[in-house]
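Participant: The sequence and its predicted three-dimensional model are supplied below.
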Number of protein chains: 2
Amino acid sequence: MSKLLIVGTVAFDAIETPFGKTDVILGGAATYIALAASQFKVDAAIVSVVGEDFPKEHLDLLASKGVDLSALEVIKGGKTFFWKGKYHNDLNSRDTLATELNVLADFIPKVSEDYKDADVLMLGNLHPSVQMSVINQMTTKPKLIVLDTMNFWMDNALPELLEVIKHIDVITINDEEARQLTGEYSLVKAAAKIQTMGPKYVVIKKGEHGALLFNDDNVFFAPALPLEEVFDPTGAGDTFAGGFVGYLTQTANVSFSNLKNAVIHGSNLASFCVERFGTERMENLEKKEVDKRLHQFTELTQFDIELQ
Amino acid sequence: MSKLLIVGTVAFDAIETPFGKTDVILGGAATYIALAASQFKVDAAIVSVVGEDFPKEHLDLLASKGVDLSALEVIKGGKTFFWKGKYHNDLNSRDTLATELNVLADFIPKVSEDYKDADVLMLGNLHPSVQMSVINQMTTKPKLIVLDTMNFWMDNALPELLEVIKHIDVITINDEEARQLTGEYSLVKAAAKIQTMGPKYVVIKKGEHGALLFNDDNVFFAPALPLEEVFDPTGAGDTFAGGFVGYLTQTANVSFSNLKNAVIHGSNLASFCVERFGTERMENLEKKEVDKRLHQFTELTQFDIELQ
C-alpha cells in the first residue's frame, strides 16, 4: 500500500451549534484527516503532539483505524491543544470562544524514518513553519504535497505561509481566504494568482456551496450533498482533505482526471461528517454507507446531454 | 415544432453595476426568456404589454428570433413598464431605485388562438392573478407549466400566488424565496414542502452557486460556470428559465432525466447573459458558442468513478 503522512493538530474541541453543545471531545485537523483517509487502502501516519491529559481511548480509536501513531508525541505533564467555538444560526460563521495552544506552542514535528518517503504528504492547518519543517524532513520527494491553511496564518505568519506555498502541489483553502490571499474577488482570478505562487492545483472550498478544483484552464466543481439538516460543520474541511488525499494515495495517480474523483470522494465523506457532533459520524462510518452515498453524488451531478 | 407560450414583462431597464451604468435599455422577464428559448427549435410566442414608447427595433429584434408577437399588446398613449436598479459590489444584492408599472398596472393578458394549445407554458415573474388568467385561457392542458415568481408576490399577493402554484408542474424560485415561502431554512425541506403545494418539480436558483432540481427523493445540481467576471446579473434567472423551457419544448420530453439536461442548458445560457449589460450578450449569441460552453459544463461537472 502507498504511504500517506498527515501533519496537523490532534486536539480537544468544545462545540456549540443551534442544535446543542458538547463537552470536551476529540478534535483536530489531523484527527479528521486520518479518520477520512482510513476509508481507503493506505498506510497512514500522523505527526502531531498531545498532552498527558489526552485519553487513551482517542489514541486507540485512531490505532484501530490502522493509523500509525509513532510520531504522535505525548508531552509529559503537558496539556492538549483546546479549541472552543460557537456556530451562528446559519452555521456558515462561528465565534471562537477559546484557543489554548498548550503543547502546540512549542511543537517541533519529528517524522518517523518509515514515513520520510511517504507517497503523499498532507499538511493540515498549522503554523506554516511547522508545515515547512515536515517538507524539509522528507528524504524522497512525495508524489503530491497538499496543504490546508486558514486566514489566521495570513494575518499572523504571511511570509512563512508564502514560503511553504512555494513547495506544494495542491492548496485547499476556502473562498474568503482565497480572496484574502490574492486580493481578487473573482475565484477564477484568485485561483490563477495562487497558481503563480507555487501550487499547480487549487481547491477552493465553499462549504455548503461545494468545492472547485482549478489547474491552468481546467475547472472542476463538486457540490456539497444537499442535506435535510447540517448538524455541526466542525471538521468538514479536514474530512474533505482526508478523503481527497486518501483516495489519491490509494490510487497512486495524480492526473487531473483522478484529482476530480478525489474531490468527489472528499465531498462525499464531508457530507457524513456534518451529520453529527465532532468526529462521531466518522468513527463508525461503514464502507457500504460511503459507497451508497457515492451513488447519490453521481445521481446529483451526472447528466447525459448529446454534445455537438 | 412544439409550441412554447411565454408570459411575462417586456420592459425598459436602467442598470448600475460596479462596472458601469446603462441608459434605458431593453429588459423584462419575457424578453430574456424568449431570447434564451430562441436558441432552440421551438415555436415561441410572448403574451405581454408595452406602451407606445416601446421602440420598433426591440420588437424587430424579438421577431428576428422567430418569436410570435401577435399577443404582445401595444397600448396607445401608454408608457412601458420601467425598472431601475443598482447592484452592490458583490453583485449578489441590489437596490431597486424605481419601479413604474405604467401599462402593466391594467394588463389583461389575451392568449392568441394559435397558442391556446401550447405544449409548454412559461409563466414569467408577474402578478399571480395574471399568471392564473393565462392558465385559464388554455384550451388544451400543456405538457408542462413552469412558473417563476419572487418575494414581492409573497409579500403582496400570497393567496393568489398559492392558488396559481396549485396548477403548475415546475416552480423556479431563488433560495431566499424558497425559505420565505416555506419557513424552512434547509433547502431540502423547503423543496419538499413546496412539492406539497402543487408543483411536482422545484428548481431552486442559487445565483453564482448554481441551481438545484428536486422531485420526490431525487435531487440534481448544476453549478454556475465559474467566470472571471460577472458583469451584470440582470436577467440571469429569466435566461435560465428560457433555456430550461426552450430545451424541454424542443425535446418534448418531461422525464426527470430530461429535466436535468434542461437545468444544464438553462445554466449554460445564463452564463452568457451575465457577461454583458442587459440583453446585449444574448442578442447575437451563436449556436457554436453555446455548444462550446456546453462542453465546458461537461468538463466542469462530469467525473468517472467506478461505483461499487
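Facilitator: Everything's here; your move. Numbering: from 1, shown residues only, chains lettered A, B, ... in the order given.
Participant: phi, psi of the spatially most central residue of chain A?
Facilitator: Ranked by distance to the mean C-alpha position of chain A (C-alpha atoms, centre = their mean), the top residue is residue A:238 at 2.6 Å. Phi and psi for residue A:238, reported as degrees, to the nearest 10, are phi -70, psi -40.
Participant: Where does the prediction get shaky in the stretch 1-150 of chain A?
Facilitator: The model of the stretch 1-150 of chain A has no residue with pLDDT under 70.
Participant: give me every residue that touches the closest residue to chain B within it.
Facilitator: The minimum distance from the stretch 1-150 of chain A to chain B, using C-beta to the nearest C-beta, falls at residue A:90 (7.5 Å). In this view, the C-beta of every residue, glycine as well, is placed from N, C-alpha and C. For residue A:90, the contacting residues are residue B:185, by C-beta atoms under 8 Å, 6 or more residues apart in numbering or on different chains.
Participant: need the residues of chain A near chain B, please.
Facilitator: A:90, A:185-189, A:206, A:209-210, A:212, A:218-221, A:223, A:226-229, A:257, A:260-261, A:264-265, A:291, A:294-295, A:298-305, A:307-308 (C-beta under 8 Å from any C-beta of the partner chain).
Participant: what does stretch A:148-159 rub up against?
Facilitator: A:8, A:29, A:122-125, A:127-129, A:131, A:160-161, A:171-174, A:176-177, A:180-181, A:237-238, A:241.
Participant: no no, stretch A:289-298
Facilitator: Under C-beta under 8 Å, 6+ apart, the answer for stretch A:289-298 is A:39, A:222, A:225, A:264-265, A:267-269, A:271-272, B:305, B:307-308.
Participant: In helices only, show me these.
Facilitator: Taking DSSP state H, the ones among those that sit in helices are A:264, A:265, A:267, A:268, A:269, A:271, A:272.
Participant: Determine the number of other residues adjacent to the nearest residue to the third one once chain neighbours are set aside.
Facilitator: Read that as residue A:267. The spatially closest residue to residue A:267, leaving aside those adjacent along the chain, is residue A:222, at 4.5 Å (C-beta to C-beta, 6 or more residues apart in numbering or on different chains). Neighbour count of residue A:222, defined by other C-beta atoms under 10 Å in any protein chain shown: 30.
Participant: For the stretch 51-200 of chain A, which segments are assigned as helices?
Facilitator: Assigned by DSSP state H, counting those that start in this stretch, the stretch 51-200 of chain A shows helices spanning A:56-64, A:128-137, A:151-156, A:158-165, A:175-182, A:187-197.
Participant: Now do the last one and helix A:175-182, the angle between them.
Facilitator: Spelled out, it's helix A:187-197. 50 degrees (axes from the mean of the first three to the mean of the last three C-alpha atoms, to 10 degrees).
Participant: Now do helix A:187-197: which elements does it pack against?
Facilitator: Applying 3 or more C-beta pairs under 8 Å, 6 or more residues apart in numbering or on different chains; DSSP states H and E, one finds that helix A:187-197 contacts helix A:158-165, helix A:175-182, strand A:201-205, strand A:211-215.
Participant: if we can go back for a sec, which one of the contacts of stretch A:289-298 is nearest residue A:287?
Facilitator: residue A:39 (6.9 Å; C-beta to C-beta).
Participant: shouldn't that closest one be in contact with residue A:286?
Facilitator: No. Contact criterion C-beta atoms under 8 Å: residue A:39 and residue A:286 do not qualify, at 9.4 Å.
Participant: circling back: ok, now how distant is the residue of the stretch 1-150 of chain A closest to chain B from residue B:185?
Facilitator: Going from residue A:90 to residue B:185 by C-beta to C-beta, to the nearest Å gives 7 Å.
Participant: just residue A:174 next, same as before
Facilitator: 21 Å.
Participant: now swap in residue A:161 and tell me
Facilitator: Computed as C-beta to C-beta, the residue A:161 to residue B:185 distance reads 35 Å.
Participant: higher neighbour count, these two?
Facilitator: residue A:161 (23 against 16).
Participant: which residues touch the more buried one?
Facilitator: Neighbour list for residue A:161: A:128, A:149, A:153, A:154 [criterion: C-beta under 8 Å, 6+ apart].
Participant: Ok, residue A:203 next?
Facilitator: Residues in contact with residue A:203 (C-beta under 8 Å, 6+ apart) are A:170, A:171, A:172, A:173, A:211, A:212, A:213, A:214, A:244, A:263.
Participant: is it possible to export the residues you listed to CSV including pLDDT, neighbour count and distance to residue B:48?
Facilitator: What follows is these, written out as CSV (pLDDT from 0 to 100; neighbours: other C-beta atoms under 10 Å in any protein chain shown; distance: C-beta to C-beta, whole Å):
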residue, pLDDT, neighbour count, distance to residue B:48
A:170, 98, 26, 51
A:171, 98, 27, 50
A:172, 98, 29, 48
A:173, 96, 28, 47
A:211, 97, 25, 41
A:212, 98, 23, 38
A:213, 98, 25, 43
A:214, 98, 23, 42
A:244, 98, 33, 50
A:263, 98, 26, 44
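Participant: can those residues go into JSON lines with extra columns for distance to residue A:280?
Facilitator: Formatted as JSON lines, these follow (distance: C-beta to C-beta, whole Å):
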{"residue": "A:170", "distance to residue A:280": "28"}
{"residue": "A:171", "distance to residue A:280": "29"}
{"residue": "A:172", "distance to residue A:280": "23"}
{"residue": "A:173", "distance to residue A:280": "26"}
{"residue": "A:211", "distance to residue A:280": "23"}
{"residue": "A:212", "distance to residue A:280": "29"}
{"residue": "A:213", "distance to residue A:280": "29"}
{"residue": "A:214", "distance to residue A:280": "33"}
{"residue": "A:244", "distance to residue A:280": "21"}
{"residue": "A:263", "distance to residue A:280": "24"}
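Participant: Return the member of those nearest to chain B.
Facilitator: When those are compared for distance to chain B (C-beta to the nearest C-beta), residue A:212 wins out at 6.2 Å.
Participant: what about the closest one, distance to residue B:225?
Facilitator: Residue A:212 is 11 Å from residue B:225, where distance means C-beta to C-beta.
Participant: Residue A:156 too?
Facilitator: Remark: distance between residue A:156 and residue B:225 (C-beta to C-beta) = 36 Å.
Participant: Looking at these two, which is more packed in?
Facilitator: Between residue A:156 and residue B:225, residue B:225 has the larger neighbour count (other C-beta under 10 Å), namely 21 against 11.
Participant: residues of stretch A:31-42 that come out buried?
Facilitator: Across stretch A:31-42, burial judged by 16 or more other C-beta atoms under 10 Å in any protein chain shown covers A:31, A:32, A:33, A:34, A:35, A:36, A:37, A:38, A:39, A:40, A:42.
Participant: Helices - which of the residues you listed land there?
Facilitator: Cross-referencing the buried residues of stretch A:31-42 against helices under DSSP H gives A:31, A:32, A:33, A:34, A:35, A:36, A:37.
Participant: Nearest spatial neighbour of the fifth one, chain-adjacent residues omitted?
Facilitator: This means residue A:35. Nearest non-adjacent residue to residue A:35, counting by C-beta to C-beta, 6+ apart: residue A:282, 4.3 Å away.
Participant: Relative to residue A:273, how far out is the one you found?
Facilitator: If you measure residue A:282 against residue A:273 using C-beta to C-beta, the figure is 6 Å.
Participant: What ranges in the stretch 151-300 of chain A fall below the confidence cut-off?
Facilitator: Within the stretch 151-300 of chain A, no range satisfies pLDDT under 70.
Participant: quick one, the helix or strand where residue A:261 lies and strand A:211-215 angle?
Facilitator: Counting by DSSP states H and E, the element that carries residue A:261 is helix A:256-273. Computed by the same axes, to 10 degrees, the angle separating helix A:256-273 from strand A:211-215 equals 160 degrees.
Participant: No more questions from me, cheers.
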